[in-house]
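Enquirer: Dropping the sequence and predicted coords here.
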Amino acid sequence: MIRRAAFALLLASAATVAFAQANNSKPQPVPVVDTIPAAADTPYPGTMAIDIDATDTTRGIFSIKETIPVARTGDFVILFPKWVPGGHTPRNEVEKMAGLKVTANGKEIPWKRDPVDVYAFHLDIPKGVKAIDVRFQYLTATKGDQGRILVTPNLMSLQPIVTSFYPAGYFVRQIPVKLTVKYPEGWSAASALNAKVTGSTYSYEPTNYEILIDSPIVAGRYYKKWALSPRVNMNVFADNQKELDAATPEMIDAHKRLVDQAVKLFDAQHYDHYEFLVSISNELGGIGLEHHRSTEIGVRLGYFAEWANNVNSRNVFPHEYTHSWDGKFRRGADLWTPDYRYPMRDSLLWVYEGQTQFWGYVLQARAGLVSKQDTLDQYAMIAANLDNTPGRNWRPLIDTTNSPIISNRKPMGWTDYQRGEEYYNEGLLVWMEVDSILREQSKGTKSIDDFARAFFGINDGDWGEVTYTFDDVVATLGKIQPYDWRGLLTKRLTETGQPAPLGGFERNGYKLVYTDQQTPTGKQAEAARKQTDLSYSLGLSVGSDASLSSVRWGSPAFAAGLTLGDSIVAVNGLAYTPERLRAAVTEARDSKAPIVLLVKASEEVKSVSIDYHGGLRYPHFVKVGTGESGLDKLLAPR
């Protein structure tokens with residue numbers, strides 16, 4: 001009887017809920033109608049002209065006048081670029097565009113932002129109008145919390161992708177364009193685009209909109225240019241002349257060897273000329289962004305002046321240069337798009353970025369830009385991080401290629417558990433494994449160098465784009481050396497719950513170990529980040545303000561209840577210093593007593609005991625066996 005009564009009550013409750021829902025209002029969605037014309041591979045009727053006044057360095061304001069020819073009346077759509085090449089995400093900062101005004105024949109044409117795509121603007125073109133004038137300002141960030149700083153009193157990074165509109169309905173390679181920029185008096189500017197210079201005004205060569213967007217400009221008061229080869233230049237701008245003067249012939253020669261080693265590797269060049277666009281500044285925002293005939297590199301002051309202490313800042317050079325072949329020339333078929341509204345799909349970033357990450361470290365060692373030992377130590381930091389990433393238990397490598405779109409590259413609280421853009425470094429591990437198998441299966445006659453030449457070295461002199469698929473990667477590897485490449489790569493891309501794929505290093509003669517001694521590159525990385533890194537012992541990193549900048553998921557610190565943002569007040573009863581924290585970890589190795597921290601968490605101050613007795617642990621790669629190993633051969637200059 002009790003069960004029947006309970007069942008009857010349940011039915012009555014369900015009926016009541018159903019009756020209540022039946023009387024609720026139930027709207028239907030407004031249909032989403034795309035009124036923006038899709039890009040077509042047909043020539044645009046006319047040449048756009050873009051005129052930029054970049055002289056307001058005090059407030060960092062770019063003032064733009066753009067003339068766009070029009071061939072028809074009625075609805076006409078202009079687009080602010082949305083998807084950022086190299087950023088792998090729709091994150092272009094349209095919110096910084098302001099003051100938009102469109103006129104034709106002296107009369108204003110009202111604009112209306114598209115209700116679905118906020119990067120699109122509709123215009124009603126009157127009869128008789130042959131061209132429209134588009135005026136607006138781009139308000140660059142004036143503080144770091146607004147975005148990357150693009151303008152300082154002595155430097156600027158001028159991005160065509162944020163200082164122009166383009167007409168909808170055309171492949172961007174079919175839209176002719178002519179750019180003119182006025183810079184502050186006494187400044188110099190560098191770009192992959194050639195220019196005629198009159199005073200402080202640069203009139204750039206006519207090109208198409210795709211090449212324009214792929215041709216950023218760096219300008220500044222203090223500038224020096226070095227030829228690295230007959231076709232490659234390094235253009236360096238700095239906060240002051242002293243930094244430029246600190247560059248020695250030996251430093252420049254290391255960059256020359258980088259170019260030489262890359263060209264020997266790929267056996268082709270996919271540019272007419274190539275420009276490194278380098279800013280050395282504590283004021284301009286840092287960057288590492290690839291382009292087909294140039295790359296933007298922003299590093300901190302001291303790149304030259306404190307050369308020995310900036311080993312870790314050099315990898316960006318070989319990485320971005322490699323992108324001219326991997327990512328810009330050869331590009332995943334689902335990533336290539338006809339314009340900057342068409343969605344970019346990132347499924348092949350484990351090749352685009354992963355193999356570029358692989359070659360960046362190889363080429364820095366081959367060129368002597370970074371020593372072999374420092375490269376091995378950097379490898380150890382990469383391998384250890386992935387070897388201690390619990391997020392690998394639930395999220396496969398292939399899904400991390402979605403990270404740029406999912407997180408828009410914003411900070412995360414539990415990076416090692418959530419996983420970020422690990423297609424870079426885990427991709428490196430996968431390609432190291434590929435190299436080791438090629439060497440093993442071919443008995444030393446083949447290596448990943450053969451893949452690089454076969455896949456990226458085709459069509460010497462071609463600086464268009466050649467797309468590829470997963471099947472193309474597998475087929476190229478199979479031609480070099482028969483093996484179940486599809487099975488291997490599929491497994492590495494989709495597996496979870498497995499250790500980090502360190503087999504490539506081990507097969508190539510090196511093993512990851514942990515000791516209580518930190519490597520020089522590890523110390524430099526700590527200093528650059530202003531952190532005390534105890535990731536592989538307590539499982540935390542502490543910032544210079546004593547706050548926790550990271551806590552590893554599942555670590556002793558995590559088990560003790562610590563979290564990102566907590567601050568350490570004291571260690572074992574004494575005021576916190578990095579030295580006391582390290583000493584406490586060392587002393588606990590020979591003691592059963594826990595490490596006791598006094599921690600401030602929000603407004604609460606509490607005592608936290610960490611039961612850890614493993615001592616300090618820092619990663620290293622050590623050689624296994626004797627003689628020249630596969631990794632030794634891989635890192636040797638050609």
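Expert: Cool, the structure landed. Numbers count the residues shown, from 1 in each chain.
Enquirer: Doesn't residue 196 belong to a strand?
Expert: Yes. Read with DSSP: H, G, I helix; E, B strand; the rest coil, residue 196 is one of the residues of a strand.
Enquirer: mind listing what the closest residue in space to it that isn't next to it in sequence touches?
Expert: Nearest non-adjacent residue to residue 196, counting by C-beta to C-beta, 6 or more residues apart in numbering: residue 203, 4.7 Å away. Placement of C-beta: from N, CA and C, glycine included. Applying C-beta atoms under 8 Å, 6 or more residues apart in numbering, one finds that residue 203 lies in contact with 178, 180, 195, 196, 197.
Enquirer: swap in residue 238?
Expert: Going by C-beta under 8 Å, 6+ apart, residue 238 touches 155, 220, 222, 244, 279, 280, 281, 301.
Enquirer: Verify the stated contact: the last one with residue 283.
Expert: To tie it back to what came earlier, the one meant is residue 301. No. With contact defined as C-beta atoms under 8 Å, residue 301 does not count as touching residue 283 (9.1 Å).
Enquirer: Looking at these two, which one has more neighbours?
Expert: Higher neighbour count among residue 301 and residue 283: residue 301, with 18 against 13, using other C-beta atoms under 10 Å.
Enquirer: So that one: helix, strand or coil?
Expert: Relying on three-state DSSP, one would call residue 301 coil.
Enquirer: now swap in residue 77 and tell me
Expert: Residue 77 is classified as strand under three-state DSSP.
Enquirer: measure it to residue 120 for me?
Expert: Per C-beta to C-beta, to the nearest Å, residue 77 is found 5 Å from residue 120.
Enquirer: Mind listing the shared neighbours of these two?
Expert: The contact lists of residue 77 and residue 120 share 36, 114, 168, where a contact means C-beta under 8 Å, 6+ apart.
Enquirer: among those residues, which are in helices?
Expert: Nothing among those maps onto helices, per DSSP state H.
Enquirer: quick check, nearest of those to residue 125?
Expert: Checking those against residue 125 with C-beta to C-beta, the nearest one is residue 168 at 12.9 Å.
Enquirer: Neighbours of that closest one, how many?
Expert: Residue 168 has 22 nearby residues by other C-beta under 10 Å.
Enquirer: Could you list the low-pLDDT ranges of this structure?
Expert: Where the chain drops to pLDDT under 70, the residues are 1-21.
Enquirer: PyMOL command for the buried members of the contacts of residue 203?
Expert: Selection of the buried residues among these in PyMOL, burial being defined by 16 or more other C-beta atoms under 10 Å:
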select buried, resi 178+180+195
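Enquirer: Flag every buried residue along the helix or strand encompassing residue 203.
Expert: Using DSSP states H and E, residue 203 falls within strand 201-204. In terms of neighbour count (16+ other C-beta under 10 Å), strand 201-204 has its buried residues at 202, 204.
Enquirer: Show the subsequent helix or strand relative to that strand.
Expert: Strand 201-204 is succeeded, C-terminally, by strand 207-208 (DSSP H and E).
Enquirer: gap between the nearest residue in space to residue 369 that is not next to it in sequence and residue 389?
Expert: Ranked by C-beta to C-beta, 6+ apart and with sequence neighbours excluded, the top spatial neighbour of residue 369 is residue 254, at 4.6 Å. Distance of residue 254 to residue 389, computed by C-beta to C-beta: 33 Å.
Enquirer: Residue 249 - how many residues pack around it?
Expert: 9.
Enquirer: Please state the backbone phi and psi of it?
Expert: Backbone torsions of residue 249, given as degrees, to the nearest 10, read phi -60, psi -40.
Enquirer: same thing with the one 5 residues further on?
Expert: Dihedral angles of residue 254 (phi, psi; degrees, to the nearest 10) stand at phi -60, psi -40.
Enquirer: That one: what's it in contact with?
Expert: So, once contact is read as C-beta under 8 Å, 6+ apart, residue 254 ends up touching 367, 368, 369.
Enquirer: Can you tell me which of these is closest to residue 542?
Expert: Checking the contacts of residue 254 one by one against residue 542 (C-beta to C-beta), the nearest turns out to be residue 369, at 31.2 Å.
Enquirer: who touches that closest one in this structure?
Expert: With C-beta under 8 Å, 6+ apart, residue 369 has these contacts: 254, 255, 257, 258, 314, 317, 318, 363.
Enquirer: Residue 219 is in contact with residue 190, correct?
Expert: Yes. Using C-beta under 8 Å, residue 190 and residue 219 qualify as a contacting pair, with a distance of 7.4 Å.
Enquirer: can you list residues touching both of the two?
Expert: residue 237.
Enquirer: Between these two, which has more neighbouring residues?
Expert: Neighbours around residue 190 and residue 219, counted as other C-beta under 10 Å, are more numerous at residue 219. The numbers are 27 against 23.
Enquirer: Contacts for the one helix or strand the more buried one maps to next, please.
Expert: For residue 219, the host element (DSSP H and E) is strand 217-220. By C-beta under 8 Å, 6+ apart, the surrounding residues in contact with strand 217-220 are 54, 154-160, 181, 183, 187-191, 193, 235, 237-238, 277-279, 296.
Enquirer: Any of those residues buried? List them.
Expert: For the contacts of strand 217-220, buried by 16+ other C-beta under 10 Å: 54, 154-160, 181, 183, 187-191, 193, 235, 237-238, 277-279, 296.
Enquirer: Could you list which of the residues you listed belong to strands?
Expert: Judged by DSSP state E, these include 54, 155-158, 181, 188-190, 235, 237-238, 277-279, 296 as members of strands.
Enquirer: what two of those are the furthest from one another?
Expert: Greatest spacing in those, by C-beta to C-beta: 181 and 238 (20.5 Å).
Enquirer: Just the terminal-to-terminal distance for stretch 583-592.
Expert: 15 Å (C-alpha to C-alpha, to the nearest Å).
Enquirer: so how far is that stretch off the chain centroid?
Expert: 39 Å (C-alpha atoms, centre = their mean, to the nearest Å).
Enquirer: Now do it: everything it contacts.
Expert: Outside of stretch 583-592, the residues within contact range by C-beta under 8 Å, 6+ apart are 516, 534, 537-538, 571-572, 594-595, 612-616.
Enquirer: Most neighbours among those residues, which one is it?
Expert: Neighbour max across the contacts of stretch 583-592 (other C-beta under 10 Å) = residue 538, 28 neighbours.
Enquirer: quick one, phi/psi of it?
Expert: Backbone geometry at residue 538, expressed as degrees, to the nearest 10, gives phi -70, psi -30.
Enquirer: For residue 464, give its distance to residue 410.
Expert: Taking C-beta to C-beta as the measure, residue 464 falls 34 Å from residue 410.
Enquirer: Which residue of those two possesses the greater neighbour count?
Expert: Set residue 464 next to residue 410 and count neighbours by other C-beta under 10 Å: residue 464 wins out with 11 against 8.
Enquirer: Now render the shared contacts of residue 77 and residue 120 as CSV, adding distance to residue 212.
Expert: Shown next, in CSV, are the shared contacts of residue 77 and residue 120 (distance: C-beta to C-beta, whole Å):
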residue, distance to residue 212
36, 21
114, 23
168, 17
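Enquirer: related to what we said a few turns ago, include distance to residue 551 when you put the contacts of residue 203 into a markdown table, please.
Expert: As requested, the contacts of residue 203 are exported to a markdown table (distance: C-beta to C-beta, whole Å):
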| residue | distance to residue 551 |
| --- | --- |
| 178 | 53 |
| 180 | 52 |
| 195 | 50 |
| 196 | 56 |
| 197 | 53 |
